[in-house]
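Engineer: predicted model and sequence below, questions to follow.
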Amino acid sequence: MTATAFAPYAAFVRAAFLKTLAYRLRYYTGVVTYLIYVTTYYFLWKALYAWKEPGESMQGFDLESMATYIAVGWMARSFYFNNVDRDIADLIREGDVAMTLARPVSFHGMMIADAFGASLFRLLCFTPPVAIVLFLLFPLKAPATGWAGLAFFVSCFLSLLIFAHVNLLVGMMAFRLHSIQGIMRAKHYLLELLSGLLMPVTFFPGWLENLSRWLPFQDIAYLPASLYLGRFPDAQLWQPLLRQSLWVLGLGLLAAWIWSRESRRLTVHGG
Amino acid sequence: MGDDAVSSPLDSPSRPFVGPLGTRLRATVEVYGALFVQMLKVRLAYKADFFADLAATALGGLASLLFVFLLFLRAPELAGWSRDEILLIYGMSMISYGLFGCISWNLYEFGDRYIIQGQFDRVMLRPVGTYAQVLFDSFRIPALSECLIGAGVVAFAMQRLELVISGTDLFFAAVAVTSGFVIFTAVFSILASLSFHFEDRIGVSPPVFNMISFGRYPQTIFPSALRFVLRWVIPFGFVAFYPATGLLGRTPYRGLAVLSPLVAVAFCVLAYGFWRWGVRRYESTGF
Amino acid sequence: MTAVDVRDLRKTFRRFRRREGLGGALKDLVHRRSETIEAVNGITFSIEPGERVGYIGPNGAGKSTSVKMLTGILTPTSGRMQVLGMEPFRDRREYVQHIGVVFGQRTQLWWDLAVIESFRLLGKMYRLEPGRLDERLGELREILELDEFLHTPVRKLSLGQRMRADLAASLLHRPRLLFLDEPTIGLDLMAKDAIRSFLKQVNERFGTTILLTTHDLRDIEALTERVLVIDHGQLLFDGALDLLRGQADQESVAVLDFLEPPEPEALRGVGDWVRWTRLSSTRFEARFSKSDRSLARFLGKVVADFAVADVSLPEPSIEEVIRKIYQERRPEREVMA
């Protein structure tokens, strides 16, 4: 593809960036929201470790690593989070999908570009204050090594793509269902848990941990935070990144396939 | 045809929503009872969707509950609180939250739906109190599944804890759960009133919404400043925790355990003041 | 009793101004600039019961703001306002039982409910006896042809159907005063006509006072006897439609078709009091100020000097009339589009 082929997507990225910036109050309250998330889970874990000796670990995490794991996980989320599912559901419900079909750009690409633009904004303006506040308030560790930090950074971008695609798939359920509010809520809670945002997947019971290996969810939160904490030796950092990339590819193909099927159905039968 | 079109307003036959509170209340209940039935009918017209929504909402509730079970897979207690004690708190909070989600969810989306999209104009044009209209304008019926799960969890916890529950205790629990629902509603009413002022879509509601989870765990695990906030500023501690300590007979908070209804009433008064202030400040979109 | 009595009504808003581009957006994050807008800047008028009044002006002129104050949605910043003997915002609950409001742009019905269910809920809100609701519906259903969509959810209605449903909803409680904001917007010509004649009928049968804002001047021509023109928050004109026309009628306009293209020189020879505009090679427009015998003088001279195929004397359209008022009173400002 040439640079001009990407130009419309760059425009979407820019538009999303500006749109996010326009809501000033939400920007400030957003920082507070993340602070509240981390505070809740920090004190919860602290209380849970109360019966252990200081420095003793559970499932491979001592309290300090656990605090860092939680904080870094939410920090990453402050970057990769988006509402692609709700946006698509709205488009479908209001019948605007047919209109987007008329545009000379791929719908799939447009939604991902939108998510990407919003995340770029978050990376520049939102995640830094969240990170600063968290590092000031909680005793957190630095990245295990320079390479681990770099891998964490790259990994967050892949998390963004996986997260956006999961949302894309959920949102497209609105093609078939009258309301997907409940489904979006269920996804929200399941994802918080299965992605490892609330607890490392090593805390899952055996069967769930095994199941998670075959699902893309732990790649969203557990993998980046684990990279940060140096749970993978420097020489093997490429492995989790490759795993994430494969999931991006797989979910991307799945989304494209479903989209083409559903949108064809839409043009044949009408909205 | 009738000629009441030119009669003076004073001898108008229909003045139901003006006048004594009792009449107003009855009229309000009648209108919104009818609306609730209509909404239910609309939702049931798409049966598959309705049950998918119901199941998904229940699944979401169960997933959040699963987290508590997983925590206790690796630790015997949480700062002196057993799993079943926490489940009791969690379950009570879920019931209140489910009621809030079904009845008062509109308040959370108020800024977006009513201020930005301009629906508040319509509210102002009807001869019914503005607050009742906003509160009861839509019902999210699937959210009630959260109540059911919550009730199940409470029953499970009580059984495991071998609590001897008297009639008074049950009454106390019912009052507590209702107070919890009222506290949620009052807090989000205050935040909704603020969106008359802030022209942002959802205003300051999301961070406070996330504070709901603070109320689902023993307040003793939080530092004292945060505990203070959760008692007197955003009183989510009173939603489930303090009343639950009463049921559990745990001593340190005996006094606070019975305060929930009073806190709920106090916050309602506050919310009423904020709402009136907000409506006066309403600036409809466009001019 | 006067239906509407408005004295020196004002409304000011504070608005935040967004800065342009990326840098501007980032600056807005730290500090926003606000400005005060005088949306309604001291207007005074009164309306008698049973009148049909058109309320017109360009976008942002203050039309909606004043209608929103009149309907009790907004509080005035200052001024006096008595409508049906009440103060709209203060006496809101009582007051709105005597008015009907229709916004062309958005429905007041419940989106997901069938039309008839919306009517029933409104009947409950306005405390109509079920029998009375049916009676009123009976009156309306035929003229508004409600039967075809009475059991359809509002979100599935066409624009014209929705407007008819909204009109019916606003009349169920038999209001004495009806506010209409762009009631024909987006409708086709047939539907527009139907709505106009319906409104006229309501006014004549029930003595309902009607205040109508619109961009479609044919609404005004078909419906109203009196026009209020507002711009920049101020009332520019208040009077009969004919008077409004007459006010701009200071100038005569004639369109002439010549048999062959005339010489510009020759046209100028008619007199320096005539302004010519070339419409095509043989069609020209002439304008000159209206005075006693100017038209006769003009026609006499033209017919004598040229081979004229046709002459027409177009009535000025209201658009033109209003444009002229704006130009006269506020020459420095932008003219209505």
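Structural biologist: Nice, I can see it.
Engineer: what about whatever helix or strand A:Val31 lives in, near chain B?
Structural biologist: In the assignment (DSSP states H and E), A:Val31 maps to helix A:24-48. Yes - using Cβ under 8 Å from any Cβ of the partner chain, helix A:24-48 reaches chain B at A:24-26, A:29-30, A:32-33, A:36-37, A:39-40, A:43-44, A:46-48. Any C-beta I mention is one placed from the backbone N, CA and C, and that applies to glycine too.
Engineer: nearest to chain C, of the residues you listed?
Structural biologist: A:Arg24 (5.6 Å; Cβ to the nearest Cβ).
Engineer: shaky segments in chain A?
Structural biologist: A:1-9, A:12, A:16-25, A:98-104, A:267-271 (pLDDT under 70).
Engineer: what's the answer for the stretch 101-250 of chain C, then?
Structural biologist: Those would be C:247-250, if you go by pLDDT under 70 across the stretch 101-250 of chain C.
Engineer: now the helices: where do they sit in it?
Structural biologist: Secondary structure of the stretch 101-250 of chain C by DSSP state H, counting those that start in this stretch: the helices cover C:115-125, C:130-143, C:159-171, C:189-206, C:217-223, C:241-248.
Engineer: now those helices in CSV, with mean neighbour count?
Structural biologist: Below are those laid out as CSV (neighbours: other Cβ atoms under 10 Å in any protein chain shown):
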stretch, mean neighbour count
helix C:115-125, 22
helix C:130-143, 15
helix C:159-171, 22
helix C:189-206, 17
helix C:217-223, 19
helix C:241-248, 16
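Engineer: domain ranges for chain C, per the record?
Structural biologist: Domains of chain C are assigned by automatic domain parsing as C:4-11+C:40-245, C:250-315.
Engineer: most packed of those domains?
Structural biologist: Ranked by mean neighbour count, the domains of chain C are led by domain C:4-11+C:40-245 with a mean of 19 (mean count of other Cβ atoms under 10 Å in any protein chain shown).
Engineer: pass me the low-pLDDT residue ranges in the stretch 101-250 of chain B, would you?
Structural biologist: B:199-203.
Engineer: near chain A, which residues of it?
Structural biologist: Checking the stretch 101-250 of chain B against chain A by Cβ under 8 Å from any Cβ, the hits are B:140, B:142, B:198, B:200-204, B:206-207, B:210-211, B:213-214, B:217-218, B:221-223, B:226.
Engineer: circling back: and the helix holding A:Val31, what does it pack against?
Structural biologist: helix A:63-80, helix A:127-137, helix B:47-74, helix B:205-210, helix C:21-30 (3 or more Cβ pairs under 8 Å, 6 or more residues apart in numbering or on different chains; DSSP states H and E).
Engineer: related to what we said a few turns ago, closest one to chain A among the domains of chain C?
Structural biologist: Across the domains of chain C, closest to chain A is domain C:4-11+C:40-245 (Cβ to the nearest Cβ), at 9.9 Å.
Engineer: ranges for the helices of the chain?
Structural biologist: I went with chain A, as the question did not name one. A:3-22, A:24-48, A:63-80, A:84-93, A:97-101, A:107-121, A:127-137, A:146-171, A:181-194, A:206-213, A:222-228, A:238-269 (DSSP state H).
Engineer: please go with chain B instead
Structural biologist: Under the criterion DSSP H, helices of chain B are mapped to B:21-45, B:47-74, B:83-99, B:105-108, B:110, B:120-124, B:130-136, B:144-161, B:167-194, B:205-210, B:224-228, B:241-248, B:254-257, B:260-281.
Engineer: fine by me, we can end here.
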